[in-house]
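In: give me coordinates for this.
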Amino acid sequence: MKAIAVGAITIAILISVSAVTVSLVSGQSESLCADSTAVATSTPSLIGDCDNLLRMKSDLRGTAQLNWWTGRSIAQWDGVSVQGGRVDEVSLANNALDGVVPARMGSLSALTTLDLSSNSLTGGIPSSLGNLTNLESLELSSNSLSGQIPESLNRLTKLSRLRLSGNDFTGCMPANLLGVADGDAASLNLPTCGNGTPISTATPVSTSTPTPTPIPTATPTPTTGERLTTIEDRLSDIDTRLRAVETAVATPSSQ
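Out: Take a look at the predicted model:
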């Protein structure tokens, strides 16, 4: 009877895995986080943030480990903070990340803090970070980032802390970044881009000055690599559960 029970459980799990695999590999865009332990169904905006984090996970971590998966509450994910039903902070300094700064990070519109400093991230800063207009602190220092710092970051008018040093940026510095109160943009010794107006640190910004509207970006279609990473994470969880079932069956009953 125990063998039959284990067989039934195994078949049920395999059917579930097959459904997930077909769904992900076929490119369907349904939520990864809806109806999961990660997010309560009463917070649809947080479900969207959860989906975006999972789909950028592989690109961001590289070969490092992140405990982001649907079987754990998002509030318990490495470096993730939730406030008011949205992800408001991603702080992963000193986490051995050796991927890139994902363009999808710009979809987390409620972020106030983004700290990816002291890792081994490569590539450039995606222009989509200019959509994070609620951002107050941006720390990307001590990585291996390179290329032009996007002028779209001029739209981050709420920034009060900025760390960009310890990278290999070239080109020019978006003008508004030079006015961040607690910033190191000037230390990079890059020429100023265009004619942007630096953020005032002495007097409040005039309410008569319109704030540029963030340019919406299309949500990227998950790549095959992202889908396979998600499948691997789920298969790892399933394997753990199967081992627990096998252990329970092998243990003689106390009765």
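
In: quick one: residues contacting Ile47.
Out: Listed by CB atoms under 8 Å, 6 or more residues apart in numbering, the contact set of Ile47 reads Ser31, Cys33, Ala34, Val39, Thr41. No exception for glycine: its C-beta is placed from N, CA and C like everyone else's.

In: isn't there a strand covering it?
Out: No - Ile47 is assigned helix when assessed by DSSP: H, G, I helix; E, B strand; the rest coil, not a strand.

In: re the thing from before, turn the contacts of Ile47 into JSON lines, columns for distance to Leu92.
Out: Shown next, in JSON lines, are those (distance: CB to CB, whole Å):
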{"residue": "Ser31", "distance to Leu92": "23"}
{"residue": "Cys33", "distance to Leu92": "19"}
{"residue": "Ala34", "distance to Leu92": "25"}
{"residue": "Val39", "distance to Leu92": "20"}
{"residue": "Thr41", "distance to Leu92": "27"}
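
In: which one of these has the most neighbours?
Out: Within the contacts of Ile47, Val39 tops the neighbour count with 26 neighbours, counted by other CB atoms under 10 Å.

In: helix, strand or coil: sort out it for me.
Out: The three-state assignment at Val39 reads coil, by three-state DSSP.

In: is the residue nearest to Arg155 when sequence neighbours are not counted in a helix, a strand, or coil?
Out: Ranked by CB to CB, 6 or more residues apart in numbering and with sequence neighbours excluded, the top spatial neighbour of Arg155 is Gly130, at 4.7 Å. Following three-state DSSP, Gly130 is assigned to helix.

In: number of nearby residues for Gly130?
Out: By other CB under 10 Å, 22 other residues sit near Gly130.

In: quick check: it vs Thr170, distance?
Out: From Gly130 across to Thr170, the span is 19 Å (CB to CB, to the nearest Å).
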